[in-house]
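In: build me a structure from this.
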Amino acid sequence: MAQHLIPVDEEALDAARDVLGTTTVTDTVNEALRRTAADRAGKVRDALDELAKLDLSDLDDAWR
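Out: Residues are numbered from 1 along each chain as shown. Predicted coordinates for the structure are as follows:
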């Protein structure tokens, strides 16, 4: 795991701790990153599922 020295908005950190149920800065940041990445992966999965449901049979001749 890498270490980064960055300025942190203390109010946002405290709010994130309350929402995430974490106590340390490290745990709060890591949990927020994990949840954000999982949320994005879920959105991508959902979008791909929607694309897979499309009826593309009317496009059979589109490339001819």
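In: L20 touches E31, doesn't it?
Out: Yes: between L20 and E31 there is a contact under CB atoms under 8 Å: 4.8 Å. Every residue, glycine included, has its C-beta placed from N, CA and C.
In: ok, A47 to T22 distance?
Out: 30 Å (CB to CB, to the nearest Å).
In: and the two? Which one has more around it.
Out: Remark: of A47 and T22, T22 carries more neighbours, 17 against 10, as counted by other CB atoms under 10 Å.
In: quick check, pLDDT for that one.
Out: On the pLDDT scale, T22 is placed at 97.
In: A12 too?
Out: At A12, the pLDDT value in this model is 97.
In: does it sit in a helix or strand, and which one?
Out: Element membership for A12 (DSSP states H and E) is helix 10-20.
In: after that helix, next one along is what?
Out: Note on helix 10-20: by DSSP H and E, the next helix or strand toward the C-terminus is helix 25-53.
In: can you name every helix or strand that that following helix contacts?
Out: Applying 3 or more CB pairs under 8 Å, 6 or more residues apart in numbering; DSSP states H and E, one finds that helix 25-53 contacts helix 10-20.
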